[in-house]
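*Asks:* Need the 3D shape of this:
(2 chains)
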There are 2 protein chains.
Amino acid sequence: MKLDPTKFADWQIAEAAEADMKSVAQLAAELGLHDDEVIPIGRQLAKIDQRRLRERLANSPRGKYINVSAITPTPLGEGKTTTTIGLVQALGRRGHCVTGAIRQPSGGPTFNIKGSAAGGGLAQCIPLTPFSMGLTGDIDRIVNAHNLSMVALTARMQHEQNYDDAALAKRNLRRLDIDPARVQSRWVMDFCAQSLRNITIGKGGKMDGYEMDSGFAIAVSSELMAILAVADSLADMRERIGRMVMANNRSGRPVTTSDLEVAGAMCAWMVDALDPTLAQTLEGQPMLVHAGPFANIAIGQSSVIADKIGTRLSDYHVTESGFGADIGYEKFWNLKCRYSGLTPDAVVIVATIRALKMHGGGPEVKPGLKLDDVYTRENLCLLEQGCENLLAHIETVQKSGVRPVVCINSFYTDTAAEVALVKRLAEQAGAYAARSEHWLKGGEGAQELAEAVEAAAAEPNDFHFLYDLDLPLRDRIDRIAREVYGADGVEFLPAAEEKLQALAADPASKALGTCMVKTHLSLSHDPARKGRPRGWTLPVRDILIYQGAGFVVPVAGDIKLMPGTGSDPGFRRIDVDTETGRVHGLF
Amino acid sequence: MKLDPTKFADWQIAEAAEADMKSVAQLAAELGLHDDEVIPIGRQLAKIDQRRLRERLANSPRGKYINVSAITPTPLGEGKTTTTIGLVQALGRRGHCVTGAIRQPSGGPTFNIKGSAAGGGLAQCIPLTPFSMGLTGDIDRIVNAHNLSMVALTARMQHEQNYDDAALAKRNLRRLDIDPARVQSRWVMDFCAQSLRNITIGKGGKMDGYEMDSGFAIAVSSELMAILAVADSLADMRERIGRMVMANNRSGRPVTTSDLEVAGAMCAWMVDALDPTLAQTLEGQPMLVHAGPFANIAIGQSSVIADKIGTRLSDYHVTESGFGADIGYEKFWNLKCRYSGLTPDAVVIVATIRALKMHGGGPEVKPGLKLDDVYTRENLCLLEQGCENLLAHIETVQKSGVRPVVCINSFYTDTAAEVALVKRLAEQAGAYAARSEHWLKGGEGAQELAEAVEAAAAEPNDFHFLYDLDLPLRDRIDRIAREVYGADGVEFLPAAEEKLQALAADPASKALGTCMVKTHLSLSHDPARKGRPRGWTLPVRDILIYQGAGFVVPVAGDIKLMPGTGSDPGFRRIDVDTETGRVHGLF
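*Replies:* Next up, the predicted model:
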């Protein structure tokens, strides 16, 4: 049953639809999965045995591969997940065998002020409750594995403090001599727990740990989540976990999970996490939900494995990238596609009239603030100025050799003239353009978008990376800054310069991906600069190295690893119907 | 396939048996479960929909209800879980429809030095890997729900510090005025993370939380775990969660999860946890695994719901209690049975010759210490003296009106004369007695035990509580101390005396269970006093109140809420076979 999204909350729409959703068995059968490739998890979900399925489909033809990205968003978001799901629904309605891939949401936003990340209106991923609350447990596996590594680290520091070398040797331990001032790793929890951001641990006596500064990060920002998104097999994941650097010793040498003899046990926690979860859209198309890495130390999109599976299973596989195309698509293009060996056939750039007006100079848009009138009345002047931002992202996608499709994610306040203006400018720049009403009408409302995607994907393309792995890191960063962000160049601050030189001396570092950290709220490094900023230089203040995930991370923005819970968080309105067990109030 | 337990590790035996274990569907069918009562979780496990099943079986006859307890254990344990599983296997082999109920293990011991709690040798619960590593996620649900309540508490304290009353009112918040010095609740993690035992949180600026002392407890010691073990329905669990006291305000009044508006969201995390998990013995009998509360603030045994289900499903339902009969059986008797309305038909007291010799004056037994020769050579004198401890526990069970069955959990070093001595003394005291070799031989090795249990359970009994709820708390504690522990009386220290008077003034407190905290290593409060200590007084130094769980907790021993990870923890030897995905080295 479909409820009217203008009258009902997302969770009410989801609840009504779940009453007659497809069974997992039906969904799997429609996808052509064999029984032994489907691992049921509860009544409404399953995991897909990625190893068995990939062995069987190793030589199957691949369907069209569609990426969904966006313009530089407002803090309210542009509806990228909603568009991804709406497009999957629309392509399904047109008779294609289609799959979608999205990230598993974090408990942080779900219980705070942003809410669930299951789409919205009539374009949602269901079942909503498990989707929003841990899905099939992968984030819990990450939390357990990560915190076990921290237990290993901190217990070892305590024992090395309490025992001399002879006593350690009796326990078959050699002194790692970890430097408490150089412990990079943090504990994790999947909530916005700002009070655990900066803590002192190990207080008390000598059996109560080693006293030092520490802290928690949100689980989805962790290196293990980064690894899950790029790992290609269990063996690959095991190796990456074993390379994770937890700290440095007093001589400056790295101390890894392997040194702590905890990598095997961590991997044991993670085995089942490697299998993507099979959920569905409100209209019954299969959705692969897998991994949910942040876009700072990681690729900011669902897993390589999910896309490898999806492209083998369907005629169209639609996958979402986080943030705007400067971040999400750039990482999709130069990292995810390099890891997976897949190449996109079309790229959707989601835009809203509201965000374009903001880029044109409209007043600030943020959660909790009343929207200015300019956003709900026709204003072609602001809109045209704001389209500069859209054009920048169109050019970025074109530089990868792929034809972009601009999706105007429709609000009821958008006027026909406004929509026509955006379409005209997009088409003039060489993109397809379509207005889409999937939020209001589901797959039926995204037919124009689906047609444009079909047309773009049918064209031959010339996908190619922005840089080769031979290019030195300094030049890679410079190229991303100029070609994608529109900077005049890059300034490396001293800490970054030092790391650059150390990396240049290590030939193994070439194999590491380059995973930029920059605000998603501007093409530049300054979130206040909207539109298409010109005449600026990107300051890179540090370069982090994640050996396990396999990334160097040039830092040109804040890395917030633990968000805060606001004063009116979503958990206030969540409860359970104790008669039926249904959860109400997820949003 | 069965491997020889004298030659293979427990995980190797489990792995071999899992190759041809029963499917979940077969297991469920043999139990007479309907399809819609079984919720598959992965390939090897399922949850049982407790609400549907209990509705259907509300008027079914109940099978025999067997409790497994023990003498005062050594720190190595007496093999209670192994005996529980061996007895289930033996009863199954004799043609009975039988179920067992055990606790879900904590990740703390599993990855530390104690290892898994799935039994051992040829009496194990399988599949071992998921059993040892999170099972079907209930502990993760508890961790998430508990930590969400801490997020709510600490974020609220921060916002109340940063905003004045008017600003709070704008957010529809009233000032709770939480006293940072009176925050009882702690964060949880399911590992032995001693470095998180005592921490300072909220360091940094005003957006980084409220700076104060805090700490983590192990998840299985949490009040939510205590609630899961005694909750009778979702509605009951929701109410208990909403009554949990997180802190006191500056006027001394309690601040609950309901005051923090987080009780509904916590319960949302917990909905699925209410369904027990269906696993199996090495010989294919069904095991219900549910909850795993500590025996300090909680009942220290699997859930009320698992036993309610098991007794309806089978002819014999065997359930284990933690620690010795002075703690585990006393709580089973006066708390769990009072909550469930079930009454036991027989009680097994597990004893080892080793532990009895220790109680007779043998040298210290502890993990890592070489066992003294006295424990591996015949010594009837020490053994007879040590049987004093066994006799005390036999009398305890007899006071409840139930016939005890002493199980001599056999080691290959036990001599025939030693076994005969224990049997004679047990029988003289009015108990049945049987030697059992389930560790070595599985169900076949526990036939004598099964026969004794059948005989004991066939006798009429006169089960009755040790005290009525009308009895004032002071007298309840006194009665438990004298009748069960063998004390001459109780001394209430000032803090306890004050709480006693406050509770006496509150008629509602009568409904709260009395859940004693005392060492399990002695009948007295002093772990060094073995055998059957006489001429001593129980000091009660405090009385804690857990409104959510529904317990008052008189404290006559240490409450360790966060154990420590040792210098040679089990995680060092755990790894994954990356070809098969199997986890090796769990022990």
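*Asks:* For the stretch 1-150 of chain A, which residues are neighbours of chain B?
*Replies:* Contact residues (C-beta under 8 Å from any C-beta of the partner chain) of the stretch 1-150 of chain A with chain B: A:39-43, A:47, A:51, A:107, A:111, A:129, A:133-134, A:137, A:140-141, A:143-144, A:147-148, A:150. Where you see a C-beta, it was placed from the backbone N, CA and C, and this is true even at glycine.
*Asks:* Check which helix or strand the nearest residue to residue A:88 once chain neighbours are set aside maps to.
*Replies:* Nearest non-adjacent residue to residue A:88, counting by C-beta to C-beta, 6 or more residues apart in numbering or on different chains: residue A:100, 3.9 Å away. Assessed by DSSP states H and E, residue A:100 sits inside strand A:98-102.
*Asks:* thought the residue nearest to residue A:88 was touching residue A:314?
*Replies:* No. Checked against C-beta atoms under 8 Å, the pair residue A:100 and residue A:314 is beyond contact range at 9.2 Å.
*Asks:* more crowded one of these two?
*Replies:* Taking other C-beta atoms under 10 Å in any protein chain shown, residue A:100 and residue A:314 do not tie; residue A:100 has more neighbours (34 against 26).
*Asks:* Tell me the bridge partners for the more buried one.
*Replies:* Per DSSP bridges, the residues bridged to residue A:100 are residue A:287, residue A:318.
*Asks:* contacting residues for it?
*Replies:* A:84-85, A:87-88, A:125, A:281, A:285-288, A:310, A:317-320 (C-beta atoms under 8 Å, 6 or more residues apart in numbering or on different chains).
*Asks:* Apply 6 Å and report the result again.
*Replies:* By C-beta atoms under 6 Å, 6 or more residues apart in numbering or on different chains, the residues touching residue A:100 are A:84, A:88, A:287, A:318.
*Asks:* Could you check how many residues crowd around the closest residue to residue A:63 other than its chain neighbours?
*Replies:* Nearest residue to residue A:63, sequence neighbours excluded (C-beta to C-beta, 6+ apart): residue A:315, at 4.4 Å. Residue A:315: 16 surrounding residues under other C-beta under 10 Å.
*Asks:* The closest residue to residue A:22 other than its chain neighbours: helix or strand, and which one exactly?
*Replies:* Distance criterion C-beta to C-beta, 6+ apart; nearest residue to residue A:22, sequence neighbours excluded, is residue A:284 at 4.9 Å. Assigned by DSSP H and E, residue A:284 belongs to no helix or strand.
*Asks:* Which pLDDT value goes with residue A:284?
*Replies:* Here, the pLDDT recorded for residue A:284 equals 97.
*Asks:* okay, now it: neighbour count?
*Replies:* Here the number of neighbours of residue A:284 (other C-beta under 10 Å) works out to 17.
*Asks:* Tell me how far it lies from residue A:66.
*Replies:* Residue A:284 sits 19 Å away from residue A:66, taking C-beta to C-beta, to the nearest Å as the criterion.
*Asks:* remind me which residues of the stretch 301-450 of chain A are low pLDDT?
*Replies:* Applying pLDDT under 70 to the stretch 301-450 of chain A flags no residue at all.
*Asks:* Give me the contact list for the helix or strand of chain A with the lowest mean pLDDT.
*Replies:* Ranked by mean pLDDT, DSSP states H and E, the weakest helix or strand in chain A is helix A:107-111, scoring a mean of 90. Residues outside helix A:107-111 that contact it (C-beta under 6 Å, 6+ apart) are A:116, A:132, A:190-192, A:218, A:563, A:570-571.
*Asks:* got it, and stretch A:258-273?
*Replies:* Identification of contacts with stretch A:258-273 by C-beta under 6 Å, 6+ apart yields A:138, A:141, A:144-145, A:148-149, A:152-153, A:176, A:228, A:238, A:241-242, A:257, B:571-572, B:574-576, B:581, B:583.
*Asks:* Sitting in strands, which of those do you find?
*Replies:* B:575-576, B:583 (DSSP state E).
*Asks:* Which residue is the nearest non-sequential neighbour of the residue of the stretch 401-550 of chain A found nearest chain B?
*Replies:* Of all residues in the stretch 401-550 of chain A, residue A:548 sits closest to chain B, with a separation of 15.6 Å (C-beta to the nearest C-beta). For residue A:548, ignoring the flanking residues on the chain, the nearest one in space by C-beta to C-beta, 6+ apart is residue A:244 at 3.5 Å.
*Asks:* Can you list phi and psi of the one you found for me?
*Replies:* Residue A:244 has phi and psi values of phi -60, psi 130 when expressed as degrees, to the nearest 10.
*Asks:* Okay, it and chain B: tell me how far apart.
*Replies:* 15 Å (C-beta to the nearest C-beta, to the nearest Å).
*Asks:* from memory that residue sits against residue A:238, does it?
*Replies:* No. Taking contacts as C-beta atoms under 6 Å, residue A:244 lies outside contact range of residue A:238: 11.4 Å.
*Asks:* which one of these two has more residues nearby?
*Replies:* Counted by other C-beta under 10 Å, residue A:244 and residue A:238 do not tie: residue A:244 has more neighbours, with 27 against 21.
*Asks:* check contacts around that one.
*Replies:* By C-beta under 6 Å, 6+ apart, the contact set of residue A:244 is A:223, A:257, A:548.
*Asks:* returning to what we had before: so which of the contacts of residue A:100 is the closest to residue B:530?
*Replies:* Taking C-beta to C-beta as the measure, residue A:287 is the one of the contacts of residue A:100 closest to residue B:530, at 60.9 Å.
*Asks:* neighbouring contacts of the longest helix along chain A?
*Replies:* Longest among the helix segments of chain A by residue count, using DSSP state H, is helix A:138-162. Helix A:138-162 has contacts (C-beta under 6 Å, 6+ apart) with A:175, A:178, A:187-188, A:190, A:206, A:209-210, A:219, A:222, A:224-225, A:246, A:257, A:260, A:262, A:266, A:269-270, A:273, B:140, B:189, B:191, B:193, B:195, B:565, B:567.
*Asks:* Could you tell me which of those residues count as buried?
*Replies:* Buried subset of the contacts of helix A:138-162 (neighbour count, 16 or more other C-beta atoms under 10 Å in any protein chain shown): A:178, A:187-188, A:190, A:209-210, A:219, A:222, A:224-225, A:246, A:257, A:260, A:262, A:266, A:269-270, A:273, B:140, B:189, B:191, B:193, B:195, B:565, B:567.
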